[in-house]
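S.K.: Sequence first, predicted coordinates after that:
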Amino acid sequence: MAVTIDYEKLQSGNRITWTWTPAGGITDVADAVVSELNAGYNISSAVAFDGTDFSNQASETNNEPSFADEGNVQTRGASQYGGSVSMWYPKNFHDSTNPLSVAYDLLKTPRTPGFLSVRIDGDTKTTEAYAAGQYVSTYQVITDGETNELGGSEGQRRTVTALSRGNLAVYTVTRSSAAALVVPTTATPAPGAKGRFEATLNGRYFGGVEWSTSDPDVIQVWPGGFYTVTGSDTETATVTATHNGLSDTIAVTVAS
Amino acid sequence: MAREILYAPAASWYLAGPNAIEDLENLSAAELNAGLADGTIVDLTCALNQEGSQFDLDDSDTDDSLSFCQVAGAEEPTFYNATIVYEAFRSRDELDDNSATTAFEWLAWPDIRYYAILRVGEEPGTAFAAGQEVKVADVITDLPVDVYGSGENIRISNSLLFQGSLAWNVTLGA
């Protein structure tokens, strides 16, 4: 019997929130503070699907095989992001009640530095303010060139290039109070057991954690939280998760 | 001998943690099924977009240096190359425990090492069994890329970085 999908797909309409925060408005892109994001400008209704291709891209890669490899080994080089953001012109300039005019004023000057944040988090709509526990990606950029789509019967648009400033955080989790990285307090796996520890950041699953063990002879851990129990009979070790200055620990006791 | 062609759905896509497979040269159904049971292997088949996902063995690097006993033009394949991309649909309910949210959790952050596994020839959702054919490649995740367009479903794509080791079209032992 054929399997069927067990979820409803997320459609793009009204579910991708674009926020512009002027330079200095975000302290740390990896620490998504709700008040900082909400102090920025929600430009979603000014941004057109057509002509917008700003995103992060696959990283630059290097092929660096060792003497122990049989194939090329791709290592992740510099992160790459950037692209264009296309926005409609407002019918009237200098109109603070028109979001198109606000977006125009924010981004009309070439070489404007700031931050673009993109929120894609399930059914959260573009009109909703940021709240704690949401996934957001933030990119530090500077605007550059502009092309214009003028004439014709469609809305008049300008498309602005946003250049990378080499500072991004993809799928971090927003917070409104103190940041919290949380892992299980204890674990009592059986000898030889394999599994995966999970961490939450500000209440949501977060995979960008570094994992370490106090004793690989008791439990080995890998990026992603994967573990294999190598000890036996009530041996103990501490597994530590860290991210951006935060940490939490799991007290592991191997089952007897 | 009947001439029968394989038709979809006949491919299953998995990711396995680095601790899920002990020896790429001796893959067994029991080991892979154990990984599915303990959570170190996940079946992402139903979450992945057919058009954006890719599991290909590219042409190898080659060396055309010749000995004095060889004829001109002889080439030897040297290093393997592979292109493996997992592009998963996003779930409308991000808090639900489903195959799309699982795929998001496994693909949304960089620098995590996996074995990418593709099984061809069996219906998705069925257990691994001896005699089945699989392709396995050692990879790490790159930064993810959000993929969307006007009137489209949102996807997350990860171009997995090949780490040099693979087992291609190998038969599972028991």
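M.R.: On my side now, so go ahead.
S.K.: how long is stretch A:230-239 end to end?
M.R.: 13 Å (Cα to Cα, to the nearest Å).
S.K.: cool, and stretch A:239-255?
M.R.: The straight-line separation of the ends of stretch A:239-255 (Cα to Cα) is 16 Å.
S.K.: Tell me how many other residues crowd the spatially closest residue to residue B:94 that is not a sequence neighbour.
M.R.: Ranked by Cβ to Cβ, 6 or more residues apart in numbering or on different chains and with sequence neighbours excluded, the top spatial neighbour of residue B:94 is residue A:122, at 3.4 Å. C-beta: built from backbone N, CA, C; applies to glycine. Using other Cβ atoms under 10 Å in any protein chain shown, residue A:122 has 19 neighbouring residues.
S.K.: any idea how far residue B:154 is from residue A:80?
M.R.: Using Cβ to Cβ, to the nearest Å, one gets 21 Å for the distance from residue B:154 to residue A:80.
S.K.: neighbour-wise, which of the two wins?
M.R.: With neighbours defined as other Cβ under 10 Å, residue B:154 and residue A:80 compare such that residue B:154 has more, 22 against 16.
S.K.: Next up, the contacts around that one.
M.R.: Contacts for residue B:154 (Cβ atoms under 8 Å, 6 or more residues apart in numbering or on different chains) come out as A:9-12, A:15-16, A:120, B:89-90, B:146-148.
S.K.: Between the residues you listed, identify the one with the most neighbours.
M.R.: Counting neighbours by other Cβ under 10 Å, the top entry in the contacts of residue B:154 is residue B:90, with 27 neighbours.
S.K.: Which pLDDT value goes with that residue?
M.R.: The predicted local confidence for residue B:90 comes out at a pLDDT of 98.
S.K.: Repeat that for residue B:9.
M.R.: Reading off the confidence values, residue B:9 has pLDDT 86.
S.K.: Phi, psi for it please.
M.R.: Backbone dihedrals for residue B:9, given as degrees, to the nearest 10, come out at phi -80, psi 120.
S.K.: Please determine how far it is located from chain A.
M.R.: As judged by Cβ to the nearest Cβ, to the nearest Å, residue B:9 and chain A stand 6 Å apart.
S.K.: Now do the contacts for the closest residue to that residue other than its chain neighbours.
M.R.: Residue nearest to residue B:9 in three dimensions, not counting chain neighbours: residue B:124, with 5.5 Å by Cβ to Cβ, 6+ apart. Residues in contact with residue B:124 (Cβ under 8 Å, 6+ apart) are A:2-3, B:9, B:11-12, B:43, B:45-46.
S.K.: and what of residue A:36?
M.R.: Contacts of residue A:36 by Cβ under 8 Å, 6+ apart are A:21, A:25-27.
S.K.: returning to what we had before: and the residue nearest to residue B:9, what element?
M.R.: Secondary structure assignment for residue B:124, by DSSP states H and E: no helix or strand.
S.K.: pLDDT value on it, please?
M.R.: Value listed for residue B:124 in the pLDDT field: 92.
S.K.: now do the one 3 residues further on
M.R.: Residue B:127 carries a pLDDT value of 96.
S.K.: Show the contacting residues for it.
M.R.: By Cβ under 8 Å, 6+ apart, residue B:127 lies in contact with B:29, B:33, B:36.
S.K.: Report the beta-bridge partners for the closest residue to the last one other than its chain neighbours.
M.R.: Residue nearest to residue B:36 in three dimensions, not counting chain neighbours: residue B:43, with 6.7 Å by Cβ to Cβ, 6+ apart. Counting by DSSP bridges, residue B:43 is bridged to residue B:14.
S.K.: Now for residue B:43: which residues touch it?
M.R.: Residues touching residue B:43, when contacts are defined by Cβ under 8 Å, 6+ apart, comprise B:12-14, B:36, B:99, B:124-125.
S.K.: Torsion angles phi and psi at residue A:34?
M.R.: As for residue A:34, its main-chain torsions (degrees, to the nearest 10) stand at phi -60, psi -40.
S.K.: cool, residue A:188 as well?
M.R.: With angles defined as degrees, to the nearest 10, residue A:188 shows backbone torsions of phi -130, psi 70.
S.K.: Would you check how far apart residue A:53 and residue A:82 are?
M.R.: 9 Å.
S.K.: Settle it for me: which of these two has more neighbours?
M.R.: Between residue A:53 and residue A:82, counted using other Cβ under 10 Å, residue A:82 has the larger neighbour count: 20 against 14.
S.K.: Can you tell me the SS state at the more buried one?
M.R.: Put simply, residue A:82 is strand when judged by DSSP: H, G, I helix; E, B strand; the rest coil.
S.K.: Tell me the buried residues in the longest helix anywhere in chain A?
M.R.: Determined from DSSP state H, the single longest helix within chain A is helix A:99-107. Taking 16 or more other Cβ atoms under 10 Å in any protein chain shown as the basis for neighbour counts, the residues of helix A:99-107 that come out buried are A:99-104, A:106-107.
S.K.: so the helix or strand just after that helix versus helix A:99-107, what angle?
M.R.: On the C-terminal side of helix A:99-107, the closest following helix or strand by DSSP H and E is strand A:113-119. Using axes from the mean of the first three to the mean of the last three Cα atoms, to 10 degrees, the direction of strand A:113-119 lies 140 degrees away from that of helix A:99-107.
S.K.: Tell me the helices and strands packed up against the helix or strand just after strand A:113-119.
M.R.: Using DSSP H and E, the next helix or strand after strand A:113-119 towards the C-terminus is strand A:135-149. Counting contacts by 3 or more Cβ pairs under 8 Å, 6 or more residues apart in numbering or on different chains; DSSP states H and E, strand A:135-149 packs against strand A:80-88, strand A:113-119, strand A:157-173.
S.K.: Just the CA atoms of strand A:135-149, as PDB, please.
M.R.: The C-alpha atoms that make up strand A:135-149 are tabulated as PDB, following Å, rounded to 0.1, in the frame of the first residue of the first chain:
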ATOM      1  CA  TYR A 135      12.400  31.000  13.100                       C
ATOM      2  CA  VAL A 136      14.000  34.000  11.400                       C
ATOM      3  CA  SER A 137      17.100  34.400   9.200                       C
ATOM      4  CA  THR A 138      18.900  37.800   9.300                       C
ATOM      5  CA  TYR A 139      21.400  39.100   6.800                       C
ATOM      6  CA  GLN A 140      23.600  42.200   7.100                       C
ATOM      7  CA  VAL A 141      23.600  44.000   3.800                       C
ATOM      8  CA  ILE A 142      24.300  47.200   2.000                       C
ATOM      9  CA  THR A 143      22.100  48.300  -0.900                       C
ATOM     10  CA  ASP A 144      23.700  49.000  -4.300                       C
ATOM     11  CA  GLY A 145      22.400  49.200  -7.800                       C
ATOM     12  CA  GLU A 146      18.800  49.800  -8.900                       C
ATOM     13  CA  THR A 147      16.900  48.800 -12.000                       C
ATOM     14  CA  ASN A 148      13.500  50.100 -13.000                       C
ATOM     15  CA  GLU A 149      10.500  48.400 -14.500                       C
END
